[in-house]
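>>> using only what follows, build the 3D model:
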Amino acid sequence: MTEENSQLDSILKRLFAMEKAADGRYQTRRFDLYGLELLKVTYDQENQDWDILDHRLKKHYHFDDVDLVAIEIFDLLRDVQLTF
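Okay, the predicted model is just below:
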């Protein structure tokens, strides 16, 4: 398994856990890199939609598909990794 596949697999596991969580309508996870919080991901279980807040660009991204969310998170984190 390549490093990219491993990172994408880890992201997907976290997102699936958000879908399965039973402790509230909104599930939020933070994605860090180099000790800095880069992204905040929120899942609305009632509406089954996702919101990604990119702290670096101060942009919100909205999705209704977990696979697209995982790819976007991977790409945003990878952009930062390639910068350093």
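>>> this protein: helices as residue ranges?
3-20, 66-83 (DSSP state H).
>>> any stretches of this protein with poor pLDDT?
Along the chain, the model assigns pLDDT under 70 to residues 1.
>>> from residue 26, how far out is residue 47?
Distance of residue 47 to residue 26, given as CB to CB, to the nearest Å: 10 Å. C-betas here are computed from N, CA, C, even on glycine.
>>> related to what we said a few turns ago, of all the helices of the chain, which one is nearest residue 42?
Across the helices of the chain, the minimum distance to residue 42, taken as CB to CB, is reached by helix 3-20, at 8.6 Å.
>>> taking helix 66-83 as reference, get the angle to that closest one.
Here the directions of helix 3-20 and helix 66-83 differ by 140 degrees (axes from the mean of the first three to the mean of the last three CA atoms, to 10 degrees).
>>> find the centremost residue of this protein, please.
Geometric centre of the chain, nearest residue: residue 73, 4.5 Å, by CA atoms, centre = their mean.
>>> in this structure that residue contacts residue 29, no?
No - with contact defined as CB atoms under 8 Å, residue 73 does not count as touching residue 29 (9.5 Å).
>>> now render the helices of the chain as CSV, adding distance to residue 38.
Listed next are these as CSV, based on distance: least, CB to CB, whole Å:
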stretch, distance to residue 38
helix 3-20, 13
helix 66-83, 6
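>>> number of residues surrounding the residue nearest to residue 32 when sequence neighbours are not counted?
Spatial nearest neighbour of residue 32, chain neighbours left out: residue 38 (6.5 Å); criterion: CB to CB, 6 or more residues apart in numbering. Residue neighbour count, defined by other CB atoms under 10 Å, stands at 19 for residue 38.
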